[in-house]
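Trainee: from the sequence below, what's the structure:
(chains A, B, C and D)
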2 protein chains.
Amino acid sequence: MSNSMTQKIQDQDPPEYHLSLVTQQIRDMMNAALKSHDLKLVEWRTMQCLADEGALSVCDLSNRVVVERTATGRLVDRMVARGFVSKEQAPSDRRISRVCLQDAGRQKLDACDTRIKEARARLFAGLSQREITQFLNTLLVLQRNMDPSGSNDLDHLQAAARANG
Amino acid sequence: MSNSMTQKIQDQDPPEYHLSLVTQQIRDMMNAALKSHDLKLVEWRTMQCLADEGALSVCDLSNRVVVERTATGRLVDRMVARGFVSKEQAPSDRRISRVCLQDAGRQKLDACDTRIKEARARLFAGLSQREITQFLNTLLVLQRNMDPSGSNDLDHLQAAARANG
DNA sequence: GCTATATATGTGCAATTGCACACGTTATGC
DNA sequence: GCATAACGTGTGCAATTGCACATATATAGC
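Mentor: Numbers count the residues shown, from 1 in each chain, chains lettered A, B, ... in the order given. Now for the predicted structure:
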C-alpha cells in the first residue's frame, strides 16, 4: 500500500468498506510520517506499548498490537537486532521472554512523538469531542456485534469511549 | 491475523487505534465467513467490484479494491488460474488488460452472498440509519483531513454518506 | 512526424506473514 | 510424583506483499 492512490468510493459500497478504506489510508499516512525515522507503524506501536505498560511477553504484545504471534516474535527479534528492545527470560516463568524497551527505543519514540501527534491532530481536526465519542461508541457496537460470546472484555473500550467524551 | 485473540483495548489508546483494531476484526470475521468458500476478502471484493461495475483494468481494480497495483495484478492472475475472471486486451488501448468476471466467478459470488449479507447484518445490528450516517460522515471527515490537496474527489464518499442516511 | 513524457502492466527480489509443527515449561488431576 | 494437558515461544515453508526496474503503448509538445 502506502501510495496516494486516488480512491473512488462509490455510493453502493457498504459501510464496512469505507471503514476499511479510511483505516488503510490512516495507516499509510502514519507510515509515511514514520518513514523518515525508518520505523513502521507496527514497530512504533509495539514500542509505544512497551513504553505505556512496561515489559511484556511476546504473547501479550501480540494481543496488544493486534498482530499474529509468530509475526510479533520476529518483529521483536528485528527490533532487538536494532537495539530498540531486549528480550530477557522471565524468572517466574521460564517459557516467557519479557520484551523490554531500551534507551535507544525510548529515544526513537521521543523522536517520533511530535510527528505522530501532529498527524493525529490533523486527522481529527474539526471533530468535536462529542463526535469522537460518538464515533468510538459506534466502533464499540461493531466490536460487540462481532463478539460471539456475548458480553466480554469490552468494558475497556467502553470506558475509553467515555473517557474520550 | 484471523484468530480470535482477546484484544484488550486500553483507555489511553488513541482513537485511530480503535479504528484500526475494529477494522482488523471485521476483516478477520469476513475472511472467516469466506473461508469455507476458499476465498479471501480481497478476492471477494475484487469480484464484487467486477460484478458491480463490469470489466475493469487492473489499474482501476487496484484503485477500487485498495491494493497495490502489482499485488492486484498477481491477485487477478491467480483468479484467472481458478477460472473466476479472464483478462483480455482492450481494443481501444493495447496497454490495458480488461478483467472480466466469468460465470464461475459469478457463481462463487452468489454462493458467498448469503454469508456476507448475514455477516454484515450482524455487524451493524442495533445501529440506526442515523448512527450509521453519522459514522460515515465522521469517516468522511477523517478522509478529508488526510487529503493534502484540499477538496478532492471525495464527493463520492459524501454522497455515499448521504445516501446511507 | 518525432521525441519526451505519462500510463498500464509485468518481473525479480527481498521482506513479511500465516500456518503447521516442534520444543521446553508450567499447571492440573489423580 | 507422574501423566496429561495447556501454554509461550521458535522454526520451516509456502504465499503474499512492496519496491525498483523493465517493457509496451499512448499522449503531448513542437
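Trainee: find the closest residue to DNA strand D in chain A.
Mentor: When scored by C-beta to the nearest atom of the strand, chain A has A:C59 as its residue closest to DNA strand D, at 2.9 Å. Using the backbone N, CA and C atoms, a C-beta is placed for each residue, glycine as well.
Trainee: count of neighbours near that residue?
Mentor: Neighbourhood size, A:C59 [other C-beta atoms under 10 Å in any protein chain shown]: 15.
Trainee: okay, helices next: where are they in chain A?
Mentor: Per DSSP state H, chain A carries helices over the ranges A:15-35, A:41-53, A:58-65, A:69-81, A:103-123, A:129-146, A:155-163.
Trainee: give the rounded mean pLDDT of the second one.
Mentor: Helix A:41-53 shows a mean pLDDT of 93 in the predicted model.
Trainee: would it count as contacting DNA strand D?
Mentor: No. Helix A:41-53 does not reach DNA strand D (C-beta under 7 Å from any atom of the strand); its nearest approach is 12.3 Å.
Trainee: now do that helix: distance to the chain's middle.
Mentor: 8 Å (C-alpha atoms, centre = their mean, to the nearest Å).
Trainee: does any bit of that helix sit next to chain B?
Mentor: Yes. Using C-beta under 8 Å from any C-beta of the partner chain, we find that helix A:41-53 touches chain B at A:R45, A:D52, A:E53.
Trainee: filter those down to the buried ones and hand me the ChimeraX line.
Mentor: For the buried members of these, the matching ChimeraX selection, counting by 16 or more other C-beta atoms under 10 Å in any protein chain shown, is:
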select /A:45
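Trainee: not counting sequence-adjacent ones, nearest residue to the residue of chain A closest to DNA strand D?
Mentor: A:R69 (6.2 Å; C-beta to C-beta, 6 or more residues apart in numbering or on different chains).
Trainee: okay, that neighbour and B:D28: tell me how far apart.
Mentor: 15 Å (C-beta to C-beta, to the nearest Å).
Trainee: of those two, who's got more company?
Mentor: Neighbour count, other C-beta under 10 Å: between A:R69 and B:D28, B:D28 has more, with 18 against 14.
Trainee: roughly how far apart are that one and A:P14?
Mentor: 17 Å.
Trainee: for A:R74, same thing?
Mentor: Taken as C-beta to C-beta, the span from A:R74 to A:P14 is 34 Å.
Trainee: so those two - more neighbours on which side?
Mentor: A:P14 (16 against 13).
Trainee: was I right to think that one contacts B:A121?
Mentor: No. Contact criterion C-beta atoms under 8 Å: A:P14 and B:A121 do not qualify, at 10.7 Å.
Trainee: in chain A, where is pLDDT below threshold?
Mentor: A:1-12, A:148-165 (pLDDT under 70).
Trainee: 90 instead, please
Mentor: A:1-38, A:63-67, A:114-116, A:118-119, A:122, A:140, A:143-165 (pLDDT under 90).
Trainee: how about the residues of it by DNA strand C?
Mentor: A:K40, A:V42, A:V67, A:E68, A:T70, A:A71, A:R74, A:L75, A:R78, A:D93, A:R94, A:R95.
Trainee: which of these tops the neighbour count?
Mentor: Going by other C-beta under 10 Å, A:L75 tops those with 22 neighbours.
Trainee: OK, contacts around that one?
Mentor: By C-beta atoms under 8 Å, 6 or more residues apart in numbering or on different chains, A:L75 lies in contact with A:V42, A:E43, A:T46, A:V67.
Trainee: now, which of these sits nearest B:S20?
Mentor: Of all the contacts of A:L75, the one sitting nearest B:S20 is A:V42; the distance, using C-beta to C-beta, is 10.3 Å.
Trainee: next one: that closest one from chain B, what distance?
Mentor: Distance from A:V42 to chain B, counting by C-beta to the nearest C-beta, to the nearest Å: 10 Å.
Trainee: what residues are up against that residue?
Mentor: By C-beta under 8 Å, 6+ apart, the residues touching A:V42 are A:V65, A:V67, A:L75.
Trainee: the residue nearest the centre of chain A and A:A51: what is the separation?
Mentor: Centroid-nearest residue in chain A: A:R45, 4.9 Å away (criterion: C-alpha atoms, centre = their mean). For A:R45, the distance to A:A51 equals 10 Å [C-beta to C-beta].
Trainee: next one: A:R95
Mentor: A:R95 is 25 Å from A:A51, by C-beta to C-beta.
Trainee: cool, A:A104 as well?
Mentor: Separation of A:A104 from A:A51 (C-beta to C-beta): 13 Å.
Trainee: and what of A:Q134?
Mentor: 29 Å.
Trainee: which of those two has more residues huddled nearby?
Mentor: A:Q134 (18 against 13).
Trainee: so what's that one closest to, chain neighbours aside?
Mentor: Spatially, and ignoring its direct neighbours in sequence, A:Q134 is nearest to B:Q134 (6.1 Å; C-beta to C-beta, 6+ apart).
Trainee: span of stretch A:57-75 from start to end?
Mentor: End-to-end span of stretch A:57-75 (C-alpha to C-alpha, to the nearest Å): 13 Å.
Trainee: that older thread, list the residues that contact both of A:P14 and B:A121?
Mentor: What both A:P14 and B:A121 touch, as defined by C-beta under 8 Å, 6+ apart, is an empty set.
Trainee: sweet, I'm off.
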